[in-house]
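A.B. asks: One predicted model, sequence on top.
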Amino acid sequence: MPDEKKRLFLFEALELRSEYDARIKTLRACLPESKKNWDRFSISTRDDMRTQPSMDFDVHWARKQVRALEHKKRKLNSAIQEANFNHQVQFQGDTINLNEALELRKGLNEALGELHTLLVNASCQRIIYKEGRDILEPNELSYTETSKELEETRRLFRELNREIRQASFTVTVEYRDEN
């Protein structure tokens, strides 16, 4: 059995991965090659404005740290994915793994956006002015039915999201934190 000191709850692993992302982003922004890219994208550049690394900033150390953090992030991502595939949740009478639950949540979230747009469109009718009179163009979708479908999808999303969140506090990931 793995050493308990090497285990993180899923929510902790996700937080650590975000921290790795932030640290990588910060270090990359400090590298001279990143500053050259800034000049290319800035609106006005001054030829007399050049930079060099500060005396107490070691470029080689920063590059080494970026590589080390990227390696840790890959290892952590693997551990998170393994946990997602191995842990099961209940949803609508089915047992699905966390990976499938996350994909399902993503799909439901996209459906929510689409249903929002459909509901807004179904909330009014188009008026066409023709030959001196107004003609109402009937809606393709019923406002009432679309509203019901949107609310049901919201309920499903909320139910699934609660299962996923609960799992993040019980599922563990085999990875040593940097404490």
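C.D. replies: Great, that's in hand.

A.B. asks: This protein: strands as residue ranges?
C.D. replies: Ranges of strands within the chain are 7-9, 88-91, 94-97, 126-130, 133-137, 172-174, based on DSSP state E.

A.B. asks: so which of these comes closest to His116?
C.D. replies: strand 126-130 (19.1 Å; CB to CB). Using the backbone N, CA and C atoms, a C-beta is placed for each residue, glycine as well.

A.B. asks: And that closest one, what does it pack against?
C.D. replies: Packing partners of strand 126-130 (3 or more CB pairs under 8 Å, 6 or more residues apart in numbering; DSSP states H and E): strand 133-137.

A.B. asks: relative orientation of the strand it packs on and strand 126-130 in degrees?
C.D. replies: In terms of direction (axes from the mean of the first three to the mean of the last three CA atoms, to 10 degrees), strand 133-137 departs from strand 126-130 by 150 degrees.

A.B. asks: now strand 133-137, how far from the centre of its chain.
C.D. replies: Chain-centre distance of strand 133-137: 45 Å, with CA atoms, centre = their mean, to the nearest Å.

A.B. asks: Just checking: what are the partner strands of it?
C.D. replies: Paired neighbours of strand 133-137 in the sheet (DSSP bridges): strand 126-130 (antiparallel).
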